[in-house]
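**Q** make a model of this:
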Amino acid sequence: MAGRLAGKVALISGGATGMGGAASRLFAVEGAAVGVVDRNEDAGLAIVAEITRAGGKAVFAKADVSKAADISAAVDVVKTAFGPIRVLFNHAGTIVIKPFLETTDDDYNWLMDINVKSMFMMTKAVLPQMIAAGGGSIVCTSSISAIAATPMEVLYCTSKGACHQFARAIAVEFRDRGIRCNAVCPGFVQTPHGIREVKELQALGVDVSEAAIMAAQGRMCEPEEVARAALFLASDEASFVNGAQLMVDNGFTSV
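**A** Okay, the predicted model is just below:
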């Protein structure tokens, strides 16, 4: 039985570890030739080797996704290896956790470059080949933080609100050229990023204790659960899903 991404070329930014790494593995299992784009070269090469050993297709491209030249080079690496990119998972991202009045212009610029500008640049680099190939699917990692604010995360919440609306606007503008664009929105996730977030929030007096997370979303989300949601949005199973925000939060934002 063919996988849900059989014959597709997929580029995953931030694809070496955490949710991105889980997506790289899953997309490869589902038949995609995967371009893993990440600044973590050791982890990126390791996951490509893992996928290849398992019989899949993958290539690694090192890139700082806040830099246009790196993005252009990474897109070229993936296209040269496998052909036109038909699936783009804009996953790369980071976080700033500190009291708002202690945040700086540099904090703002750094976070917006990685979380938002990278999506703009990556999508702009990939869209022409998607359109020329007859269409494609874009998934952007947003967050519950796009609609559920958290103290000490004003810059992060702002950036994810932008990701949310970016996906909606791309969907509207390019729908009639065969492009779908959706956002996947995780809650607290059991990754190094998610664990660091919890620890830093707790250190600043925000109640994200185990009991608080249990009350909000039942448990920590597993990275594979986010990857499966992204797979659905990326695949033809979601052929009439466009401009949507898929919450992967076990009801956190439904209360």
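**Q** end-to-end on stretch 32-42?
**A** Stretch 32-42 has its terminal residues 22 Å apart, counting by CA to CA, to the nearest Å.
**Q** figure out how far stretch 65-84 is from the centre of its chain.
**A** Its chain's average C-alpha position is 16 Å from that of stretch 65-84, according to CA atoms, centre = their mean, to the nearest Å.
**Q** can you give me the buried ones in that stretch?
**A** By neighbour count on 16 or more other CB atoms under 10 Å, the buried set for stretch 65-84 is 65, 66, 70, 71, 74, 75, 77, 78, 79, 81, 82, 84. (Glycine included, C-beta is placed from N, CA and C.)
**Q** nearest to residue 210 among these?
**A** Checking the buried residues of stretch 65-84 against residue 210 by CB to CB gives residue 65 as the nearest, at 32.5 Å.
**Q** residue contacts, the nearest residue to the closest one once chain neighbours are set aside?
**A** Residue nearest to residue 65 in three dimensions, not counting chain neighbours: residue 118, with 3.8 Å by CB to CB, 6 or more residues apart in numbering. By CB atoms under 8 Å, 6 or more residues apart in numbering, the contact list for residue 118 reads 13, 65, 66, 71, 90, 92, 93.
**Q** so residue 118, which of the three states?
**A** What DSSP: H, G, I helix; E, B strand; the rest coil gives for residue 118 is helix.
**Q** what's the weakest-modelled helix or strand in this protein?
**A** Within the chain, no helix or strand scores below helix 192-203, which has a mean of 94 by mean pLDDT, DSSP states H and E.
**Q** then the helix or strand just after that helix to CSV, C-alphas only?
**A** Note on helix 192-203: by DSSP states H and E, the next helix or strand toward the C-terminus is helix 210-217. The C-alpha coordinates for helix 210-217 follow below in CSV (Å, rounded to 0.1, in the frame of the first residue of the first chain):
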residue,chain,number,x,y,z
GLU,A,210,2.4,18.9,36.2
ALA,A,211,-1.0,19.5,37.8
ALA,A,212,-1.6,22.6,35.8
ILE,A,213,-0.7,21.0,32.5
MET,A,214,-2.9,18.0,33.5
ALA,A,215,-5.8,20.4,34.1
ALA,A,216,-5.2,22.2,30.8
GLN,A,217,-4.5,19.4,28.4
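**Q** return the distance of helix 210-217 from the chain's centre.
**A** Its chain's average C-alpha position is 24 Å from that of helix 210-217, according to CA atoms, centre = their mean.
**Q** now tell me what touches that helix from outside.
**A** Outside helix 210-217, the residues within contact range by CB under 8 Å, 6+ apart are 187, 188, 198, 219, 220, 249, 250, 251, 252, 255.
**Q** between it and helix 192-203, how many degrees?
**A** Here helix 210-217 points in a direction 120 degrees away from that of helix 192-203 (axes from the mean of the first three to the mean of the last three CA atoms, to 10 degrees).
**Q** give me the buried positions along the next helix or strand after helix 210-217.
**A** Sequence order places helix 223-234 as the next helix or strand after helix 210-217, per DSSP H and E. For helix 223-234, the neighbour count (16+ other CB under 10 Å) marks 223, 225, 226, 227, 228, 229, 230, 231, 232, 233, 234 as buried.
**Q** tell me the one of those nearest residue 168?
**A** Taking CB to CB as the measure, residue 168 lies nearest residue 233 of the buried residues of helix 223-234, at 13.3 Å.
**Q** is residue 36 in a helix, a strand, or coil?
**A** With three-state DSSP as the basis, residue 36 sits in strand.
**Q** so what pairs up with it in the strands?
**A** The bridge-partner assignment for residue 36, based on DSSP bridges, gives residue 12, residue 60.
**Q** residues in contact with it?
**A** For residue 36, the contacting residues are 12, 15, 16, 24, 44, 47, 48, 58, 59, 60, 61, by CB under 8 Å, 6+ apart.
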